[in-house]
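J.: Model the following, please.
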Amino acid sequence: MFYAYLRQTSQHSNLSEQQQSIISFSLSQQIMIDKEVVEYSVKSRPIEERKQFESFVHTLQAGDGIIVESLSVLSSQVEELVKIITCFLSRGVDIYTISPFALITKETSVAQVLPLLNDLREAQKVQSTQIGRPKGSKSRSKFDSISLLVIEKLKEGKTVSAIAREFGVSRSSLKDYIESRDMKSLIDGSWMEINKATTHKEASDKLLICPFEKIANSTTVEEN
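T.: Next up, the predicted model:
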């Protein structure tokens, strides 16, 4: 089974961009993706606190494949990434990365993986010396804790004004947030199903595993 893995934090490209990259990659490689895994977090958490991710990993079986935009989506910390890669490979799970392209399997040599980890380590050094927020990253927002609920309301066809009234927030601020996260573009081509029982607290950190629709339907993402 092939999984598309996306993760939303302030340090990564938005979900729509990750989604489009994975769709383009799967088409070029003629890979049929079975399910999409979306991990939401209002901040970057250590691997020990990502309990739902850990539970997901334990469901993987030999022969499964994970597709990510980059290894940093799995974790931005090299030490954690080594643990995750080791765990995947020990279970016979292959890892596909898009940027840069790489296929990591049990047969992949350490010499092939090290450059990928070194690139991430160098990126960490650059980020630590930068003043201000890294280019391309998203600042934290008061709306992050209700992002899943906002997506659900948009999927239901509700207007931004109606959603703002429901949550008692500024329409203009909510509109800016939706546009900055490119939520409408994601939803228009999305196969995600949000659990309607999700509460505000639960929406802060969530991992969703959903069926992946046929590529013919998913490609509408690029048309919006």
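J.: Report the mean confidence score over stretch 31-43.
T.: Mean pLDDT, stretch 31-43: 82.
J.: likewise stretch 83-90?
T.: 91.
J.: Flag every buried residue along that stretch.
T.: By 16 or more other C-beta atoms under 10 Å, the buried positions in stretch 83-90 come out as 84-85, 88-89. Quick note: C-beta positions are derived from backbone N, CA and C, even for glycine.
J.: Contacts made by that stretch with the rest, please.
T.: 47, 57, 60, 66, 71, 74-75, 94-95, 104-106, 108, 113 (C-beta atoms under 8 Å, 6 or more residues apart in numbering).
J.: Among the residues you listed, which lie within helices?
T.: 57, 113 (DSSP state H).
J.: got JSON lines for the contacts of stretch 83-90, with pLDDT too?
T.: Converted to JSON lines, the contacts of stretch 83-90 look like this (pLDDT from 0 to 100):
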{"residue": "Ile47", "pLDDT": "83"}
{"residue": "Val57", "pLDDT": "90"}
{"residue": "Leu60", "pLDDT": "94"}
{"residue": "Ile66", "pLDDT": "97"}
{"residue": "Leu71", "pLDDT": "92"}
{"residue": "Leu74", "pLDDT": "92"}
{"residue": "Ser75", "pLDDT": "89"}
{"residue": "Asp94", "pLDDT": "97"}
{"residue": "Ile95", "pLDDT": "97"}
{"residue": "Ile104", "pLDDT": "95"}
{"residue": "Thr105", "pLDDT": "95"}
{"residue": "Lys106", "pLDDT": "92"}
{"residue": "Thr108", "pLDDT": "91"}
{"residue": "Val113", "pLDDT": "88"}
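J.: Out of the contacts of stretch 83-90, name the ones that lie in strands.
T.: In strands, judged by DSSP state E, the following of these are found: 66, 94-95, 104.
J.: Just name the closest of those residues to Val169, please.
T.: Val169 lies nearest to Ile66 out of the ones in strands among the contacts of stretch 83-90, by C-beta to C-beta, at 35.9 Å.
J.: At which residues are the helices of the chain located?
T.: Using DSSP H, the helices found in the chain span residues 15-28, 51-57, 78-90, 110-129, 147-155, 160-167, 171-180, 183-188, 200-203, 215-218.
J.: okay if I get those as CSV plus distance to Val38?
T.: Output for these, formatted as CSV (distance: least, C-beta to C-beta, whole Å):
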stretch, distance to Val38
helix 15-28, 7
helix 51-57, 11
helix 78-90, 17
helix 110-129, 22
helix 147-155, 9
helix 160-167, 20
helix 171-180, 17
helix 183-188, 10
helix 200-203, 12
helix 215-218, 14
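J.: closest to Glu39 out of those?
T.: helix 51-57 (6.0 Å).
J.: which helices and strands does the closest one pack with?
T.: On a contact count with 3 or more C-beta pairs under 8 Å, 6 or more residues apart in numbering; DSSP states H and E, helix 51-57 meets strand 35-41, helix 78-90, strand 205-211.
J.: What strands line up against the first one, and which way round?
T.: In this case it means strand 35-41. strand 2-8 (parallel), strand 205-211 (antiparallel) (DSSP bridges).
J.: weakest of these by average pLDDT?
T.: strand 205-211 (a mean of 55).
J.: Quickly compare the helices of the chain and say which is most buried.
T.: Among these, helix 147-155 has the highest mean neighbour count (mean count of other C-beta atoms under 10 Å), at a mean of 21.
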